[in-house]
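Undergrad: Sequence and predicted model, in that order:
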Amino acid sequence: QVQLVESGGGLVQAGGSLRLSCAASGPTFINHAMGWFRQAPGKEREFVAAIIWSGPRTYYEDSVKGRFTIAKDNAKNTVYLQMNSLKPEDTAVYYCAADSVYNLVVVKRPNSWGQGTQVTVSP
């Protein structure tokens, strides 16, 4: 099982930016995708973005396209989520996740999760 540790959450005003990081360790995940989900109070966890570990392909949820960018540093086994033009509706706990491309991107039910990091966007 891959171990995932997030960092970088916090409080920011609307229109501001934050960068989340997710450091991965454990068994090789060369065939995996890594990504981010989020869960707002009273809502279900939803997919945000994903990136293929062995290639450049990325995926985004429609509401974050053009504002969020997912990137990776293979040497550091770390995935980043750069969040710009943040809106109050982006407020949520953000979770890093890893699994096969099918589980993460298609069915959106990955098996490896981080502990989550809170992102709060004030009006």
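TA: Yep, that arrived. Fair warning: this is a prediction, and the values are worked out from it, not measured in the lab.
Undergrad: CA only for contacts and neighbour counts going forward, please
TA: OK.
Undergrad: Can you list the neighbours in contact with stretch 84-98?
TA: 2, 4-6, 13-18, 22, 32-41, 67-68, 104, 110-123 (Cα atoms under 8 Å, 6 or more residues apart in numbering).
Undergrad: rerun that using 7 Å as the cut-off
TA: Applying Cα atoms under 7 Å, 6 or more residues apart in numbering, the external contacts of stretch 84-98 come out as 4, 6, 14-18, 22, 32-40, 67-68, 104, 110-123.
Undergrad: just stretch 4-16 next, same as before
TA: 19-25, 84-88, 96, 113-123.
Undergrad: Go through those residues and flag which are in strands.
TA: Those of these mapping onto strands are 19-25, 96, 113, 117-122, per DSSP state E.
Undergrad: Please name the residues that touch residue 69.
TA: 81-83 are the contacts of residue 69 under Cα under 7 Å, 6+ apart.
Undergrad: Kindly provide the distance from it to residue 52.
TA: 13 Å (Cα to Cα, to the nearest Å).
Undergrad: Hmm, residue 26 and residue 77 touching each other?
TA: No: applying Cα atoms under 7 Å, one finds residue 77 not in contact with residue 26, separated by 10.2 Å.
Undergrad: who's more crowded, the two?
TA: Each of residue 77 and residue 26 has its neighbours counted (other Cα atoms under 10 Å); residue 77 has more, 14 against 9.
Undergrad: where do the helices sit along this protein?
TA: Ranges of helices in the chain, per DSSP state H, are 101.
Undergrad: Spell out, range by range, the strands that occur in the chain.
TA: Using DSSP E, the strands found in the chain span residues 3-7, 10-13, 18-25, 32-39, 46-52, 58-60, 68-73, 78-83, 92-100, 112-113, 117-122.
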